[in-house]
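Trainee: how would this look folded up:
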Amino acid sequence: MSKLVVMDHPLIAHKITMLRDENTCVKDFRELLNEIALLMGYEATKDLSLSDMSVKTPICETVGKVITKQVALVPILRAGLGMVDALMSLIPAAKVGHVGLYRDPETHKPVEYYCKLPTDIEQRQVLVLDPMLATGGSASAAIDFIKKRGAKKIKLMCIIAAPEGVAVIQKNHPDVDIYVAALDEKLNENCYIVPGLGDAGDRLFGTL
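Mentor: You can find the predicted model right below:
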């Protein structure tokens, strides 16, 4: 079964509270989402492989470490875009793909409308980005699309998750580790996370 990592850090807990607040404006919501993703990125990337590299300091020659595993960031459109800049600031050489899905309002099933990934995706550590892991249907489908295009090493990063969504990912993709900033109580009858924060995409882009 895949590993579930729930972040336990005072800064993340503080920012999650502000992110949930219905009175948080669009500008602040974007900034908070970016900051939380940045803090999460430290944990999600701590097992990237390293190799030795010689470097000359102003004092002497020494051997340092450099990242050898190439990274691809794949936000699930559209809310996942809010997490990209934070990860790009940590890993400027990362390539960025996109998967476009929407949830059918009647069936709550994911429907694909776009998928564009780096051509060397099979060589990269893939970080799938989506602020909300609710039913798990969209994230699971996105991971399916990415795997079909050759990706072999994938992690899922979400800000808020419901236990139901986590269970779906662990069942359908036991090889994909899940990183979340907060694990919430449940889904309601409309498949929204409780307590959650509402629709992340609408709050991110001001389309409420």
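
Trainee: counting contacts, what elements does the lengthiest strand in the chain pack onto?
Mentor: Of all segments of type strand in the chain, defined using DSSP state E, the longest is strand 153-161. If you count contacts as 3 or more C-beta pairs under 8 Å, 6 or more residues apart in numbering; DSSP states H and E, strand 153-161 packs onto helix 10-20, helix 26-44, strand 125-129, strand 132-133, helix 137-148, strand 177-183. Heads up, the C-betas are built off the backbone N, CA and C, glycines and all.

Trainee: what's the offset of the longest one from the middle of its chain?
Mentor: Here helix 26-44 is found 10 Å from its chain centre; the criterion is C-alpha atoms, centre = their mean, to the nearest Å.

Trainee: Please apply the same query to the fourth one.
Mentor: Its chain's C-alpha centre and that of strand 132-133 lie 9 Å apart, by C-alpha atoms, centre = their mean.

Trainee: which regions of the chain lie under the pLDDT threshold?
Mentor: 103, 108 (pLDDT under 70).

Trainee: give me that answer again for 50
Mentor: Within the chain, no range satisfies pLDDT under 50.

Trainee: Would you mind confirming that Tyr179 is in contact with Lys46?
Mentor: No - at 10.6 Å, Tyr179 and Lys46 do not qualify as touching, with contact defined as C-beta atoms under 8 Å.

Trainee: between these two, which one's more packed in?
Mentor: Neighbour count, other C-beta atoms under 10 Å: between Tyr179 and Lys46, Tyr179 has more, with 21 against 7.

Trainee: Dig out what the more buried one forms beta bridges with.
Mentor: Tyr179 has these beta-bridge partners by DSSP bridges: Val5, Met157.

Trainee: That one and Lys148, how far apart?
Mentor: In this view, Tyr179 and Lys148 are 23 Å apart by C-beta to C-beta, to the nearest Å.

Trainee: go on, Lys27?
Mentor: Relative to Lys148, Lys27 is positioned 38 Å away (C-beta to C-beta).

Trainee: re earlier: out of the helices and strands packed on strand 153-161, nearest to Val74?
Mentor: Val74 lies closest, by C-beta to C-beta, to one member of the helices and strands packed on strand 153-161: strand 125-129, at 5.1 Å.

Trainee: tell me the angle of the closest one relative to helix 26-44?
Mentor: If you take axes from the mean of the first three to the mean of the last three C-alpha atoms, to 10 degrees, strand 125-129 sits at 150 degrees to helix 26-44.
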